[in-house]
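> compute the structure for the input listed below.
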Amino acid sequence: MTTLYEVHGTVAVITLNNPPVNGLGYATRLSITDNLQKANADSAIKSIVITGAGKAFSGGADIKEFGSPKALAEPNLLSVILMIENSAKPVIAAIHSVCMGGGLELALGCHYRIAAPGCSVALPEVKLGLVPGAGGTQRLPRALGVEAALNMIVSGEPVKSELLAQIPGQKLFDKLAASPESLAAEALAYAQSVADTRPLPLVRNLPCKHPNGDAYFQFARNMVGGMSKNYPAPLKCVAAVEAATKRKFDDGLAFERELFINLMWTPEGRALRHIFMAERAASKIPDVPSDTPQRAIKSIAVIGAGTMGGGISMNFLNAGIPVKMLEMKQEALDRGIATIRKNYEAQVKKGKLKQDKYEQRMSLLSTTLSYDDLKEADMVIEAVFEEMGVKERVFKELDRVMKPGAILASNTSTLDMNQIAAFTKRPQDVIGTHFFSPANVMKLLEVIRGEKTAKDVLATVMALGKKIRKTAVVSGVCDGFIGNRMIEQYGRQGGFLLDEGCTPEQVDKAIEKFGFAMGPFRMGDLAGNDIGWAIRKRRYTEKPDMKYSKTADLLCEKGRFGQKTGAGWYDYVAGKRDAIPNAEVVKVIEDHRKSLGITPRKISDEEIVQRLVYSLVNEAAHILEEGIASKASDIDMVYLMGYGFPIYRGGPMNYADQVGLFNVVQSMNRFAKNPLDDANFWKPAPLLARLAAEGKTFN
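From the prediction side, this is the model:
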């Protein structure tokens with residue numbers, strides 16, 4: 001049953017019962033209206049309480065029905081709220097734990113509201129590219145005041161019920177319960193106390209004005225517009241709340257609904273809803289059931305106290321998990337600890353971390369110079385030099401000392417996890433955990449599943465990823481896994497564009513205008529151009545027919561490795577990250593072009609963006625086909641969380657779906673005719689060709 005109906009004396013209690021957050025799906029909405037009818041038809045019932053079972057009043061729309069006909073089927077939420085408002089008997093919302101989105105709109109439609117302390121209250125629709133769609137922008141300003149309501153609606157952030165109850169003149173809550181435990185009893189008593197009160201109060205009838213309306217909304221538009229330039233929803237939230245102050249209630253409601261329906265179809269709104277679903281889907285692995293038993297991880301060992309090792313350690317310290325860091329030399333350990341302290345002290349200085357929390361985290365960190373001291377750890381992560389011989393020595397040692405059942409993880413970014421696992425007598429316990437730098441900040445964690453990795457190991461590491469607040473995405477074993485395998489093609493295209501007539505600055509600016517955090521050349525300088533150089537040198541022997549521009553090698557031969565040397569594709573001033581174009585680099589590119597006999601041509605920003613983005617898409621289609629990624633949305637999550645792909649475009653696969661795969665293939669066929677590009681690469685991956693031919697999409 002999606003709702004429960006109980007009678008307590010003269011009070012009917014309707015309890016939403018659609019776990020996990022009592023989403024207002026079609027069946028739940030239908031059940032609410034049936035029970036309202038039943039309570040109103042029973043002469044023994046004098047008042048009605050609506051509440052939620054479990055750990056929520058209601059989290060709003062049922063995400064399982066997103067985008068399906070059921071989401072808008074009658075009775076839709078507007079109709080349910082109208083029925084509550086028209087109830088002949090008072091309806092009291094008893095709110096607790098979570099009251100968000102449609103759940104808050106439902107509560108605002110009730111005649112009275114009693115809230116438990118500690119309840120998170122929000123209208124988070126803006127985070128999905130929408131405005132609230134069932135009266136939230138019209139009722140909340142009436143109940144809470146215009147400014148407080150607009151702040152909540154535009155930010156989408158939750159606010160605790162006890163804070164909202166303190167706002168002078170608020171009509172959101174008629175009563176704050178003494179505690180979450182006493183809410184049910186207090187709601188029944190309150191329902192009996194208002195049983196005979198008439199007329200029944202309605203939020204829609206409350207006044208809604210701002211003393212300096214026009215000036216305030218102009219100020220709000222300026223502020224919100226400046227902060228949300230690629231997202232249409234926040235400004236529409238301002239327009240909807242302004243309408244609440246200037247129009248009759250029903251006209252404002254119709255305006256809000258029109259905005260909601262229009263935003264539903266914007267590319268940005270669709271991208272944000274795609275991300276919302278993709279993030280939840282990433283943790284679901286087709287052949288690893290959600291009830292797979294997990295191994296207990298109460299302590300972690302980290303091999304290496306460098307930038308990566310230190311950053312990785314911080315994730316676990318932040319989550320309250322003890323960490324033991326190992327290095328070969330005491331100076332290296334001292335340096336590592338000093339960096340961790342510096343990072344935490346910067347947070348304390350900015351007021352983002354309390355002093356006692358900082359001390360508590362540091363107390364969980366211990367160090368050692370001996371592998372034998374790691375034997376009790378439940379999981380070990382190595383973050384040593386990216387070279388197979390080094391990994392071999394480390395994993396043979398770990399195999400010797402780690403207790404049975406401990407998880408052995410490698411932070412490799414490109415190496416073969418199956419080969420690494422084969423260095424041990426327990427390949428089932430070996431897994432890749434590819435953190436992104438800086439590891440204590442970046443949200444992405446690529447979890448590399450070897451062919452012998454046990455299912456319980458995979459389930460444990462995915463759950464651990466959630467615990468340390470990462471978006472964990474599973475990848476199979478291949479050179480570069482999902483993210484770096486794709487970025488290599490993107491980088492190759494960047495090189496060809498230089499050969500054909502672009503400057504690094506032109507390429508970077510075009511892709512940054514598209515929305516990337518940084519272009520390929522600024523990214524190369526940040527990561528270190530010597531890293532790409534090492535990979536290319538390996539490629540020249542492993543894949544001699546793979547074509548590259550030689551410009552990057554020429555740059556590295558001059559020692560221009562990027563920010564760390566103060567010179568790469570750009571120049572850098574110590575202590576600053578600004579990329580300053582360098583005339584010598586442009587000359588290297590021009591001289592190289594001349595040596596190849598290439599006449600430069602003018603290349604449009606559109607061509608730059610298409611070649612860079614579609615190179616990601618085509619390689620990703622191969623990755624999907626090979627089963628390295630289990631679904632297209634996982635690839636989107638990797639690029640959104642780890643590679644600075646613009647959030648409002650929803651990731652490379654979602655973007656390709658929106659452009660239309662037919663159009664993507666047509667562009668690729670055009671690029672294949674360019675003699676200076678790699679015609680072989682631009683042959684559409686079989687999966688992409690098939691989906692395009694059938695008019696289908698990746699996601």
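
> count of neighbours near G389?
Each residue near G389 was counted by other Cβ atoms under 10 Å, and the total is 8. From N, CA and C alone the C-beta is placed, and that goes for glycine too.

> for E382, that is, sorry about that
Neighbour count for E382, taken as other Cβ under 10 Å: 26.

> V154 too?
Per other Cβ under 10 Å, the neighbour tally for V154 reads 23.

> can I assume it is in contact with V224?
Yes. V154 sits in contact with V224 when judged by Cβ atoms under 8 Å, with a separation of 5.7 Å.

> need the contact list for the nearest residue to K329 once chain neighbours are set aside.
Leaving aside its chain neighbours, K329 sits nearest to L369 (7.4 Å; criterion: Cβ to Cβ, 6 or more residues apart in numbering). Contact partners of L369, counting by Cβ atoms under 8 Å, 6 or more residues apart in numbering, are L326, E327, M328, K329, Q330, L333.

> ok, 10 Å please
By Cβ atoms under 10 Å, 6 or more residues apart in numbering, L369 lies in contact with L326, E327, M328, K329, Q330, A332, L333.

> and the residues you listed, which are buried?
Listed as buried from the contacts of L369 are L326, E327, A332, L333; burial here means 16 or more other Cβ atoms under 10 Å.

> distance of the third one relative to R400?
Spelled out, that is A332. A332 sits 22 Å away from R400, going by Cβ to Cβ, to the nearest Å.

> what does the last one give?
When distances are taken as Cβ to Cβ, L333 and R400 turn out to be 21 Å apart.

> ok, now the second one?
Distance, E327 to R400, using Cβ to Cβ: 18 Å.

> quick one: distance of the least confident helix or strand in the chain by mean pLDDT to the chain centre.
Lowest by mean pLDDT, DSSP states H and E among the helices and strands of the chain is helix 69-72, with a mean of 83. Centroid displacement of helix 69-72 relative to its chain, using Cα atoms, centre = their mean, to the nearest Å, is 25 Å.

> please list the residues outside that helix that contact it.
In contact with helix 69-72 (Cβ under 10 Å, 6+ apart) are residues 24-27, 29, 61-65, 77, 133, 261, 264.

> pLDDT below threshold where in the stretch 1-150 of the chain?
Filtered on pLDDT under 70, the stretch 1-150 of the chain yields no residues whatsoever.

> per-residue pLDDT, K576?
Per-residue pLDDT puts K576 at 84.

> and it, what does it touch?
Here K576 is in contact with Q563 (criterion: Cβ under 10 Å, 6+ apart).

> am I right that it is in a strand?
No. Counting by DSSP: H, G, I helix; E, B strand; the rest coil, K576 is not found in a strand; it is coil.

> quickly list what's touching both of V154 and V224.
V126, A233, P234, L235, K236, C237, V238.

> and the residue nearest to K329, how far is that from L317?
Remark: distance between L369 and L317 (Cβ to Cβ) = 20 Å.

> re earlier: any buried residues in whichever helix or strand comes after the least confident helix or strand of the chain, and which?
Later in the chain than helix 69-72, the nearest helix or strand by DSSP states H and E is helix 77-85. For helix 77-85, burial by neighbour count (16+ other Cβ under 10 Å) applies to L77, L78, V80, I81, L82, M83, I84, E85.

> what's the helix or strand encompassing D657 packed up against?
For D657, the host element (DSSP H and E) is helix 652-659. Using 3 or more Cβ pairs under 10 Å, 6 or more residues apart in numbering; DSSP states H and E, the elements in contact with helix 652-659 are helix 267-281, helix 605-625, helix 632-642, helix 661-672, helix 686-693.

> the inter-axis angle of it versus helix 661-672?
100 degrees (axes from the mean of the first three to the mean of the last three Cα atoms, to 10 degrees).

> per-residue confidence averaged over helix 652-659?
Averaging pLDDT along helix 652-659 gives 97.

> check stretch 466-473 too.
97.

> quote the end-to-end distance of that stretch.
11 Å (Cα to Cα, to the nearest Å).

> then stretch 621-636?
Terminal residues of stretch 621-636 are spaced 12 Å apart (Cα to Cα).

> what's the spacing between it and its chain's center?
Relative to its chain's centre, stretch 621-636 lies at 18 Å (Cα atoms, centre = their mean).

> same check on stretch 483-501?
Relative to its chain's centre, stretch 483-501 lies at 26 Å (Cα atoms, centre = their mean).

> pull out the buried residues from it.
Using 16+ other Cβ under 10 Å as the test for burial, stretch 483-501 gives 483-501.

> go on, stretch 402-409?
In terms of neighbour count (16+ other Cβ under 10 Å), stretch 402-409 has its buried residues at M402, A406, I407, L408, A409.

> reformat those residues as CSV; add pLDDT and secondary structure.
As requested, these are exported to CSV (pLDDT from 0 to 100; DSSP: H, G, I helix; E, B strand; the rest coil):
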residue, pLDDT, secondary structure
M402, 97, coil
A406, 97, coil
I407, 98, strand
L408, 98, strand
A409, 98, strand
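
> closest to V394 out of the residues you listed?
Nearest to V394 out of the buried residues of stretch 402-409 is L408 (Cβ to Cβ; 9.4 Å).

> please parse the protein into its domains.
Segmentation of the chain into domains, based on automatic domain parsing, reads 3-264, 300-475, 483-693.

> out of those, which gets nearest to I285?
For the domains of the chain, the distance to I285 is smallest for domain 300-475, at 5.7 Å, taking Cβ to Cβ.

> can you give me how far that closest one is from the chain middle?
In terms of Cα atoms, centre = their mean, the centre of domain 300-475 is found 22 Å from the chain centre.

> can you give me the end-to-end span of it?
Using Cα to Cα, one end of domain 300-475 lies 22 Å from the other.

> go on, stretch 493-510?
Stretch 493-510 has an end-to-end distance of 14 Å (Cα to Cα).

> distance check, L369 against E397.
13 Å.

> overlap of the contact sets of the two?
Residues touching both L369 and E397 (Cβ under 10 Å, 6+ apart) are L326.

> flag the shaky bits of the chain, pLDDT-wise.
Judged against pLDDT under 70, the chain has no low-scoring part.

> can you give me the helices in the stretch 301-450 of the chain?
In the stretch 301-450 of the chain, the segments counted as helices under DSSP state H, counting those that start in this stretch are 307-318, 330-349, 355-363, 388-401, 417-421.

> tell me the most buried of those helices?
Among the helices of the stretch 301-450 of the chain, helix 307-318 has the highest mean neighbour count (mean count of other Cβ atoms under 10 Å), at a mean of 23.

> which residue is the nearest non-sequential neighbour of A278?
In space, A278 is closest to S633, 3.6 Å off (Cβ to Cβ, 6+ apart).

> contacts only, for D677.
Counting by Cβ under 10 Å, 6+ apart, D677 touches R492, Q493, F496, L497, D499, E500, K547, R611, S615, F671.

> part of a helix, is it?
No. The assignment for D677 (three-state DSSP) gives coil, which keeps it out of a helix.

> how near is it to S615?
Distance from D677 to S615, counting by Cβ to Cβ: 10 Å.

> next, show the common contact partners of the two.
Shared contacts of D677 and S615 (Cβ under 10 Å, 6+ apart): R492, Q493, F496, F671.

> spit out the contact partners of the third one.
The contact partners of F496, taken as Cβ under 10 Å, 6+ apart, are 502, 547-549, 551, 611, 615, 671, 674, 676-678, 681.

> for the second one, same thing?
Contacts here follow Cβ under 10 Å, 6+ apart; on that basis Q493 touches 507, 520, 549, 608, 610-616, 671, 677-678, 681-682.

> what angle sits between the strand or helix carrying N35 and helix 77-85?
N35 belongs to helix 26-41 when assigned by DSSP H and E. Angle, helix 26-41 to helix 77-85, by the same axes, to 10 degrees: 20 degrees.

> in helix 26-41, what counts as buried?
In helix 26-41, counting by 16+ other Cβ under 10 Å, buried: Y26, T28, R29, L30, S31, I32, T33, N35, L36, A39, N40.

> OK, contacts around the nearest residue to the fourth one once chain neighbours are set aside?
Closest residue in space to L30, ignoring its immediate chain neighbours: P75 at 6.5 Å, by Cβ to Cβ, 6+ apart. Contacts of P75 were listed using Cβ under 10 Å, 6+ apart, and they are Y26, R29, L30, I32, T33, D34, I81, L82, M83.

> fine, thanks again, bye for now.
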